[in-house]
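S.K.: Coordinates only, no sequence provided:
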C-alpha cells in the first residue's frame, strides 16, 4: 500500500499555501507537525481530494486519486479540524447516517457502529443527543465517523483538540494499533501528540516540508544545541529575553532553564539529550511554535 505525493502545490492568488510538497507514505503513523498557518490543513484537504491542487498530484497505489472518485473515498477516512454534525442526532443516529452516506451495508453498519462506540468510550451515551456532549465527546464522535469504513488511509486534522489527557492516551493507543497495515496521517501543532506514536514526523513551515524522519533522528539533529542552566529567579526573565527557553522549573530560590542555543549560553550550562520538542523550538523559535 502506498500514498505518494508529487510536487503538490496550492496557490490562493499570490499566496502559496502549499509549495511543491513531495513524500511517499506506506503503512504506519505519520505526524504532520507545524505551527498554525503552516499549510497543514490545506495539504490534508488535497490528500482527501476535497481541494483541487494548483499543480502536482496524489496517487494511491499508483492511481491518481482525482480520477479514482468513489473508489478512493471507499478507502479513505477523514476527520476535519471542525467536523460538521447534526446536534439533534444521537451519537448512534449520526454514525448510522454517515455509514449510509459511505454506502456501508446496514447489517455491517450496525456491528461497526456498536464496535466504535465501545472503542471510543461512547457506548453509554449512544442514545443521547450530540448537542449535550462535551467538546471531547463530540471529537470522539468525529473520530468514530472517520473509522466507520475501516479505511486504508486515515487522515486526522487536529484530532486531540478538546480531548483530556486520558482521552489523548486512548486515541494514541488506538491509532498505533490501527496503523499496523494502514496509512495514518495525524496533523497537529502539539509535539507530544506525534512524539509518542509517529513512525515518521513531517515538519511543515510556510507550505513546505522542511524536516522529515523518525523522532530520534530529528532530535539528534539538534544535539549539542540543548542546555540546562540554573540561575536565580530574579534573572529568569532576563534570560528568557536573550535566548530561546524551552521550559523552566523552580528549585528553591533558583530556576532551571532548558535553553535552545547553538552556542553554550554560559560556562555553567550543561548539555542535555535533545527531544523532538527541542528540535521543533530550534527551527521555529518559541513565539512561532506557540502561534
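M.R.: The structure has been received and is ready for your questions. What you are looking at is a predicted structure, and each value in this text was computed from that prediction instead of being measured. Numbers count the residues shown, from 1 in each chain.
S.K.: host element of the residue nearest the centre of the chain?
M.R.: Central residue of the chain (Cα atoms, centre = their mean): residue 187, 2.4 Å from the mean position. Assessed by DSSP states H and E, residue 187 sits inside strand 183-188.
S.K.: Return the per-residue confidence for residue 16.
M.R.: For residue 16, the pLDDT comes out at 96.
S.K.: if I look at it, how far off is residue 214?
M.R.: Look at residue 16 and residue 214: by Cβ to Cβ, to the nearest Å, they are 28 Å apart. Every C-beta, even on glycine, is put in place using the N, C-alpha and C of the backbone.
S.K.: Specify which residue of the two has the higher count of neighbours.
M.R.: More neighbours surround residue 16 than the other of residue 16 and residue 214, with 16 against 13 (other Cβ atoms under 10 Å).
S.K.: in which helix or strand would I find the more buried one?
M.R.: strand 15-25.
S.K.: elements contacting that strand?
M.R.: strand 3-12, helix 40-47, strand 55-60, strand 200-205, strand 208-213 (3 or more Cβ pairs under 8 Å, 6 or more residues apart in numbering; DSSP states H and E).
S.K.: mind putting these in JSON lines, mean pLDDT, mean neighbour count and distance to residue 100 included?
M.R.: Output for the helices and strands packed on strand 15-25, formatted as JSON lines (pLDDT from 0 to 100; neighbours: other Cβ atoms under 10 Å; distance: least, Cβ to Cβ, whole Å):
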{"stretch": "strand 3-12", "mean pLDDT": "97", "mean neighbour count": "17", "distance to residue 100": "27"}
{"stretch": "helix 40-47", "mean pLDDT": "96", "mean neighbour count": "24", "distance to residue 100": "24"}
{"stretch": "strand 55-60", "mean pLDDT": "98", "mean neighbour count": "17", "distance to residue 100": "24"}
{"stretch": "strand 200-205", "mean pLDDT": "94", "mean neighbour count": "22", "distance to residue 100": "34"}
{"stretch": "strand 208-213", "mean pLDDT": "94", "mean neighbour count": "16", "distance to residue 100": "37"}
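S.K.: And these: which comes nearest residue 33?
M.R.: Checking the helices and strands packed on strand 15-25 against residue 33 by Cβ to Cβ gives strand 200-205 as the closest, at 5.1 Å.
S.K.: Surely residue 3 touches residue 27?
M.R.: No: at 9.9 Å, residue 3 does not count as touching residue 27 under the criterion of Cβ atoms under 8 Å.
S.K.: got any ranges where the stretch 151-291 of the chain has weak pLDDT?
M.R.: Low-confidence segments of the stretch 151-291 of the chain, defined by pLDDT under 70, span residues 286-291.
S.K.: Which parts of it are helices?
M.R.: Counting by DSSP state H, counting those that start in this stretch, the stretch 151-291 of the chain has helices at residues 165-178, 191-195, 215-220, 236-242, 276-289.
S.K.: Turn these into JSON lines, columns for distance to residue 209 and mean neighbour count.
M.R.: What follows is the helices of the stretch 151-291 of the chain, written out as JSON lines (distance: least, Cβ to Cβ, whole Å; neighbours: other Cβ atoms under 10 Å):
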{"stretch": "helix 165-178", "distance to residue 209": "21", "mean neighbour count": "16"}
{"stretch": "helix 191-195", "distance to residue 209": "14", "mean neighbour count": "21"}
{"stretch": "helix 215-220", "distance to residue 209": "12", "mean neighbour count": "18"}
{"stretch": "helix 236-242", "distance to residue 209": "30", "mean neighbour count": "13"}
{"stretch": "helix 276-289", "distance to residue 209": "12", "mean neighbour count": "20"}
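S.K.: could the helices and strands packed on strand 15-25 go into JSON lines alongside distance to residue 88?
M.R.: What follows is the helices and strands packed on strand 15-25, written out as JSON lines (distance: least, Cβ to Cβ, whole Å):
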{"stretch": "strand 3-12", "distance to residue 88": "35"}
{"stretch": "helix 40-47", "distance to residue 88": "28"}
{"stretch": "strand 55-60", "distance to residue 88": "36"}
{"stretch": "strand 200-205", "distance to residue 88": "37"}
{"stretch": "strand 208-213", "distance to residue 88": "41"}
